[in-house]
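**Q** After the sequence you'll find the predicted model.
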Amino acid sequence: MDFKQPIRLSFRANSRRSFLMLAVSIVFIAAFTGLVSSKNITVDPRPNIIYIMADDLGYSDLGCYGGEVSTPNLDQLAANGIKLKKFYNNSRCCPTRASLLTGQYPHSVGMGGMVGSNQSPIVKGSYQGFLNDSFPTIAEELKKVGYNTYMSGKWHVGERPEHWPLKRGFDRYYGLISGASSFFEITPAERDKRRFVLDDKDYEIPKEGHYMTDAFTDHALGYLDQHKNTGTGNPFFLYLAYTAPHFPLHALEQDIAKYEALYLQGWDVTREKRFQKMKQLGLVDDRYQLTERPDIIPAWESVGDKKVWARKMAVYAAMIDRMDQNIGRLINKLKSNGQYENTMIVFISDNGACAETVNTKLLSDPEKKIGERGSYHIYGESWANASNTPFKKYKHYMHEGGVVTPCIIQWPAKIKPAKGYSDGTGHVIDLMPTALELAGAKSPGLAGTNFSYLWTKKRAPERTYCWEHEGNQAIRKGNWKLVKEFQETYWSLYNLATDPTEINDLSGVEAARAKAMMEEYVVWFAKVGARPYKKGGGKAE
């Protein structure tokens with residue numbers, strides 16, 4: 001048959017049957033052709049990318065990092081991929097989130113401090129309290145090269161509607177625009193300060209049956225289904241920002257019950273057991289010394305109300321347990337949707353464990369048990385010290401306890417399971433350039449560096465990182481770290497290659513090195529627009 005010639009069809013007037021048969025055939029062929037074409041949609045080979053962030057998680061809280069909390073799903077991700085000994089954050093909620101979203105130091109994008117109130121006048125600059133528009137976000141850049149972009153969870157980098165996620169490149173968003181909040185409700189005391197949002201509209205959370213960690217995951221899974229059902233073949237980026245285990249201590253009773261008896265062993269025994277498990281795992285070696293318990297923390301044996309303190313840690317552990325269960329739900333959804341193999345998942349925390357104090361008496365119903373809806377409690381410095389085993393200091397500070405986070409990277413299609421823990425280092429500013437590299441996008445003058453060398457086996461570059469937040473300052477150059485607390489007048493120098501827990505201050509014997517590092521830090525300080533801190537502290541978020 002000559003396919004160049006038109007097909008001529010003729011029917012006799014009374015050949016109704018032939019016409020109907022032809023019509024049915026045409027419908028069938030059209031339907032079949034549509035089916036075939038939908039099956040032949042070109043699948044983009046670039047990976048899906050998921051960044052998961054915990055909130056105030058201590059370095060040793062996960063099972064695969066030495067903890068006794070049940071985290072089988074994160075442990076399995078770690079076993080299937082890469083787990084770093086040291087990955088750096090910016091020591092506080094807002095600055096870390098700003099760097100993840102922009103690949104810049106937080107001051108450069110207006111988030112050197114904490115998020116600003118939507119009631120306060122805007123004062124532009126490095127501490128303006130919302131992301132500026134001088135630099136694009138990871139969502140904006142990935143969207144340019146064909147990615148669909150989704151976010152579920154805590155935003156915390158802009159309270160005004162014009163600074164919300166959909167204005168910064170995300171296609172869909174569900175979550176908490178603000179900082180710390182009840183996991184069960186928006187309380188009357190918080191109603192003017194805390195906002196849940198769906199896409200770009202305020203959202204009224206259910207009065208019953210709501211638990212924030214579950215809700216964040218529910219919407220994230222919905223976005224994965226939505227993405228699959230569109231059938232475009234585009235890759236996606238998902239930023240899943242949990243609020244667990246940030247205070248207030250809120251968890252479900254069935255999760256809390258797993259841990260109450262366990263934590264009657266106290267913080268001293270918990271810390272020692274974690275350190276021993278870290279040695280067994282190969283996470284730490286003889287270079288690591290367990291830092292001393294600060295004088296302000298009493299020995300467990302001298303503590304009254306042991307059941308109250310054990311209950312607090314049990315609730316904290318339950319919050320992590322529930323987050324891990326939800327990450328298991330995420331993994332199962334990826335598998336059932338056929339999205340698992342070519343998805344890179346990175347898990348980190350925004351800072352180290354939290355030792356902040358809060359006047360909980362003004363916020364908590366005394367008739368409620370710790371962890372229940374209506375209660376409001378923190379677990380305090382004593383348990384935070386255990387969470388950050390083996391390091392010293394906490395969230396807010398620039399010592400390792402404040403700025404080092406667990407980091408797990410899994411990508412079944414490309415990353416082979418690594419034995420042990422990687423000695424490579426990374427920083428939250430590296431997450432955006434890594435994503436853009438995998439997406440085939442340009443990196444617009446980013447402060448961070450693509451960390452694909454961790455699985456391509458290329459030689460790791462020597463890095464320099466700098467920090468400033470509310471007067472706490474540090475610079476790490478190679479294996480050397482110079483660090484200062486805001487209330488101190490002196491800087492301490494540590495060789496992290498031989499002293500990874502910052503025990504021995506070498507600023508005296510290495511004065512020339514300290515001076516050179518300080519000169520480099522001063523240049524960075526001016527470049528990003530940091531400014532000297534006026535004592536008075538910051539609010540807990």
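**A** In hand now; what should we look at?
**Q** Can you point out the buried residues in stretch 330-345?
**A** By neighbour count with 16 or more other CB atoms under 10 Å, stretch 330-345 contains the buried residues Leu330, Ile331, Lys333, Leu334, Gln339, Tyr340, Asn342, Thr343, Met344, Ile345. All C-beta atoms are positioned from the backbone trio N, CA, C, and that covers glycine.
**Q** scratch that, stretch 123-131
**A** Neighbour-count burial for stretch 123-131, with 16+ other CB under 10 Å as criterion, is recorded at Ser126, Tyr127, Gln128, Gly129, Phe130, Leu131.
**Q** Contacts only, for the third one.
**A** Same thing as Gln128. Contacts here follow CB atoms under 8 Å, 6 or more residues apart in numbering; on that basis Gln128 touches Gly110, Met111, Gly116, Ile122.
**Q** How about the first one?
**A** For Ser126, the set of contacting residues under the criterion of CB under 8 Å, 6+ apart consists of His107, Ser108, Gly110, Gly112, Val528, Gly529, Ala530, Arg531.
**Q** picking that back up, as TSV, the buried residues of stretch 330-345 with pLDDT would be great.
**A** Listed next are these as TSV, based on pLDDT from 0 to 100:
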residue	pLDDT
Leu330	98
Ile331	98
Lys333	98
Leu334	98
Gln339	97
Tyr340	98
Asn342	98
Thr343	98
Met344	98
Ile345	98
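**Q** that older thread, specify which member of the contacts of Gln128 is nearest to Ala189.
**A** Nearest to Ala189 out of the contacts of Gln128 is Gly116 (CB to CB; 20.2 Å).
**Q** and the gap between the nearest residue to that closest one once chain neighbours are set aside and His246?
**A** Once flanking residues are discounted, Gly116 sits nearest to Gly129: 2.3 Å by CB to CB, 6 or more residues apart in numbering. As judged by CB to CB, to the nearest Å, Gly129 and His246 stand 19 Å apart.
**Q** Give me the spatial nearest neighbour of Ile327, chain neighbours excluded.
**A** With sequence-adjacent residues excluded and distances taken as CB to CB, 6+ apart, Ile327 is closest to Asn73, at 4.7 Å.
**Q** Sorry, slip of the keys, the one I care about is Gly448.
**A** Using CB to CB, 6+ apart, the nearest residue to Gly448 is Ile429, at 3.3 Å.
**Q** Check Met53 too.
**A** Nearest non-adjacent residue to Met53, counting by CB to CB, 6+ apart: Ala241, 4.8 Å away.
**Q** In contact with that neighbour, which residues?
**A** Ile52, Met53, Asp55, Arg97, Met151, Ser152, Gly153, Lys154, Trp155, Gly175, Phe216.
**Q** Mind listing the residues bridging to it?
**A** Judged by DSSP bridges, the bridge partners of Ala241 are Met53, Gly153.
**Q** separation between it and Phe135?
**A** Ala241 is 19 Å from Phe135, by CB to CB.
**Q** Just list what the longest helix anywhere in the chain packs against, helices and strands only.
**A** When the chain is parsed with DSSP state H, its longest helix is helix 306-336. In terms of contacts (3 or more CB pairs under 8 Å, 6 or more residues apart in numbering; DSSP states H and E), helix 306-336 is packed against strand 48-54, helix 72-80, helix 212-230, helix 253-256, helix 266-281, helix 380-387.
**Q** 7 Å instead, please
**A** helix 72-80, helix 212-230, helix 253-256, helix 380-387 (3 or more CB pairs under 7 Å, 6 or more residues apart in numbering; DSSP states H and E).
**Q** roughly how far is that helix from the heart of the chain?
**A** 15 Å (CA atoms, centre = their mean, to the nearest Å).
**Q** what angle sits between that helix and strand 48-54?
**A** Using axes from the mean of the first three to the mean of the last three CA atoms, to 10 degrees, the inter-axis angle of helix 306-336 relative to strand 48-54 is 180 degrees.
**Q** can you pull the buried residues of helix 306-336?
**A** 309-328, 330-331, 333-334.
**Q** And for stretch 367-385?
**A** Residues of stretch 367-385 classed as buried: 370-385 (neighbour count, 16+ other CB under 10 Å).
**Q** Do me a favour and get the end-to-end distance for stretch 502-513?
**A** 17 Å (CA to CA, to the nearest Å).
**Q** same check, this time on stretch 338-346
**A** By CA to CA, one end of stretch 338-346 lies 19 Å from the other end.
**Q** Also stretch 484-497?
**A** For stretch 484-497, the end-to-end distance is 19 Å (CA to CA).
**Q** give me every residue that touches Leu240.
**A** When the contact criterion is CB atoms under 7 Å, 6 or more residues apart in numbering, the partners of Leu240 are Ile50, Ile52, Ser152, Gly153, Phe216, Ala220.
**Q** Over to Gln325?
**A** Gln325 makes contact with no residue under the criterion CB under 7 Å, 6+ apart.
**Q** Just want to check the distance between it and Lys277.
**A** Look at Gln325 and Lys277: by CB to CB, they are 22 Å apart.
**Q** Pull out the buried positions in the strand or helix carrying Tyr173.
**A** Using DSSP states H and E, Tyr173 falls within strand 172-176. Counting neighbours by 16+ other CB under 10 Å, one finds that the buried residues in strand 172-176 are Arg172, Tyr173, Tyr174, Gly175, Leu176.
**Q** Okay, now the sheet partners of that strand, with direction.
**A** Under the criterion DSSP bridges, strand 172-176 sits next to strand 148-153 (parallel), strand 196-198 (antiparallel) in its sheet.
**Q** Tell me which of those strands lies nearest to Arg271.
**A** Among these, strand 148-153 comes nearest to Arg271, with 29.7 Å by CB to CB.
**Q** what's the closest non-adjacent residue to Thr306?
**A** To be clear, residue 306 is Lys; Thr isn't right here. Ranked by CB to CB, 6+ apart and with sequence neighbours excluded, the top spatial neighbour of Lys306 is Leu264, at 6.1 Å.
**Q** Wait, the one you found touches Val308, no?
**A** No. Applying CB atoms under 7 Å, one finds Leu264 not in contact with Val308, separated by 11.0 Å.
**Q** What ranges does the chain have for its strands?
**A** 48-54, 82-88, 148-153, 172-176, 196-198, 201-202, 236-241, 343-349, 404-410, 422-427, 464-469, 472-477, 480-484, 492-495 (DSSP state E).
**Q** Can you dump the C-alpha atoms of the fourth one in PDB for me?
**A** In this case it means strand 172-176. The C-alpha atoms that make up strand 172-176 are tabulated as PDB, following Å, rounded to 0.1, in the frame of the first residue of the first chain:
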ATOM      1  CA  ARG A 172       3.000  23.400  46.600                       C
ATOM      2  CA  TYR A 173       3.400  24.000  50.300                       C
ATOM      3  CA  TYR A 174       1.800  22.900  53.500                       C
ATOM      4  CA  GLY A 175       3.200  23.700  56.900                       C
ATOM      5  CA  LEU A 176       4.100  26.000  59.800                       C
END
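**Q** pLDDT weak spots in this structure?
**A** In the predicted model, the chain carries pLDDT under 70 at residues 1-41, 535-541.
**Q** Next one: Asn342 relative to Phe236, how far apart?
**A** Asn342 is 11 Å from Phe236, where distance means CB to CB.
**Q** ah, wrong one, I meant Pro161
**A** For Pro161, the distance to Phe236 - CB to CB - is 25 Å.
**Q** Can you pick out the residue with more neighbours from those two?
**A** Per other CB atoms under 10 Å, whichever of Pro161 and Phe236 has more neighbours is Phe236, with 24 against 15.
**Q** contacting residues around the more buried one?
**A** Counting by CB under 7 Å, 6+ apart, Phe236 touches Asn48, Tyr147, Asn148, Tyr150, His227.
**Q** Also Gly529?
**A** Neighbour list for Gly529: His107, Gly125, Ser126 [criterion: CB under 7 Å, 6+ apart].
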